[in-house]
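# Any chance you could fold what I've pasted below:
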Amino acid sequence: MDLGLSDSVCLVTGSTGGIGLETVKLLRAEGATVVSTGRSGGDIRADFSQPGEPERVVRETIERHGRLDVLVNNVGGTEIRKLEELADSDWQASFEINLMSAVRATRAALPGMRERGAGTIVNVSSTAAKRPSSGMPDYSVMKAALLSFSRLVADLHAKDGIRCNAVTPGPTATQAWLGEGGLADQQGERDEVLAKVASGRPLGRLAEPEEIAAVIVFLCSPRSSYVTGAAWSADGGTVPIII
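Numbering: from 1, shown residues only. Down below sits the predicted model:
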């Protein structure tokens, strides 16, 4: 299926590995012009936890390619910690990387999108935003705030021709989970932890990053032209729909 992205200029933040990298690959396969970012690689190197950096990347993308049609806010990260262990500085760091990175990039992208009367924003949240994880308390709160921010942008800017949606992945087979010292290692013996996490999903496994990327790319595309203000679960059935 042609998703209609061949003439689009896209920026995917946090895209040198995992879900972000797979999103870049799929967008490029659709013929889109894609800018990738990372702290140590990508087309533009940047630390999105730092004020000014998201704005700089958006500005450089527009300078290079003339416009920005699609913004995917994928930057984020966490560690396994208990609520009572978190200091104010931990909350602030999570706030910067998991919420403000997207707020700043979106704020920088909106004027150009409004001027053209079109634009698409996809925010990568988490299933923890819908059902908080006791092992990731700060992350859960910030990703829930990101869902609220997504809906706010969608409501405010629908009249400007701008769509904004969120994706809420469950645990995904990326280095964040599988890597040495990653989320699995932080909770015990790696294989046992991963087996327990997989068994907690109705589909019985972690997601593959390309499966999440496929949902993101669909939401980036004109094929989802009547979808805005939504939070799409891609979690193997973990969080049930409330009817």
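# What number of neighbouring residues does residue 163 come out with?
Neighbour count of residue 163, defined by other C-beta atoms under 10 Å: 26. For every residue, glycine as well, the C-beta is placed using N, CA and C.
# Hmm, residue 121 and it touching each other?
Yes - counting by C-beta atoms under 8 Å, residue 163 does reach residue 121; the two are 7.1 Å apart.
# all helices of this protein, in order?
For the chain, the helices defined by DSSP state H cover 18-29, 53-65, 88-95, 101-116, 137-157, 175-178, 190-199, 209-220.
# domains in the protein, as residue ranges please.
9-172+209-234, 175-206 (automatic domain parsing).
# how about a markdown table for those domains, with mean pLDDT and distance to residue 3 added?
What follows is the domains of the chain, written out as a markdown table (pLDDT from 0 to 100; distance: least, C-beta to C-beta, whole Å):
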| stretch | mean pLDDT | distance to residue 3 |
| --- | --- | --- |
| domain 9-172+209-234 | 96 | 4 |
| domain 175-206 | 80 | 25 |
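# and these, which is most packed in?
Among the domains of the chain, domain 9-172+209-234 has the highest mean neighbour count (mean count of other C-beta atoms under 10 Å), at a mean of 20.
# would you turn the helices of the chain into CSV with distance to residue 127?
Listed next are those as CSV, based on distance: least, C-beta to C-beta, whole Å:
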stretch, distance to residue 127
helix 18-29, 13
helix 53-65, 24
helix 88-95, 17
helix 101-116, 17
helix 137-157, 9
helix 175-178, 13
helix 190-199, 12
helix 209-220, 11
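# which stretch among those helices comes nearest residue 169?
Closest approach to residue 169 among the helices of the chain (C-beta to C-beta): helix 209-220, 4.6 Å.
# then that closest one to CSV, C-alphas only?
Extracted in CSV, the C-alpha atoms of helix 209-220 (Å, rounded to 0.1, in the frame of the first residue of the first chain):
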residue,chain,number,x,y,z
PRO,A,209,10.3,-2.4,17.1
GLU,A,210,9.2,-2.6,13.5
GLU,A,211,5.7,-3.5,14.7
ILE,A,212,5.5,-0.2,16.6
ALA,A,213,7.1,1.7,13.8
ALA,A,214,4.4,0.4,11.4
VAL,A,215,1.7,2.0,13.5
ILE,A,216,3.6,5.3,13.8
VAL,A,217,4.2,5.5,10.1
PHE,A,218,0.5,4.9,9.4
LEU,A,219,-0.4,7.8,11.7
CYS,A,220,2.2,9.9,9.9
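# Give me the most central residue, this structure.
Closest to where the C-alpha atoms of the chain average out (C-alpha atoms, centre = their mean) is residue 124, at 2.2 Å.
# wait, isn't that one in contact with residue 77?
No - using C-beta under 8 Å, residue 124 makes no contact with residue 77, being 11.5 Å away.
# Run through the bridge partners of the nearest residue to residue 113 once chain neighbours are set aside.
Using C-beta to C-beta, 6 or more residues apart in numbering and skipping residues adjacent in sequence, the residue nearest residue 113 is residue 119, 2.8 Å away. Note on residue 119: beta-bridge partners by DSSP bridges are residue 162.
# Next, the contact list for residue 149, please.
99, 102-103, 106, 123 (C-beta atoms under 8 Å, 6 or more residues apart in numbering).
# can you put those in CSV and add distance to residue 200?
What follows is the contacts of residue 149, written out as CSV (distance: C-beta to C-beta, whole Å):
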residue, distance to residue 200
99, 26
102, 27
103, 31
106, 32
123, 24
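# Brilliant, that's me finished.
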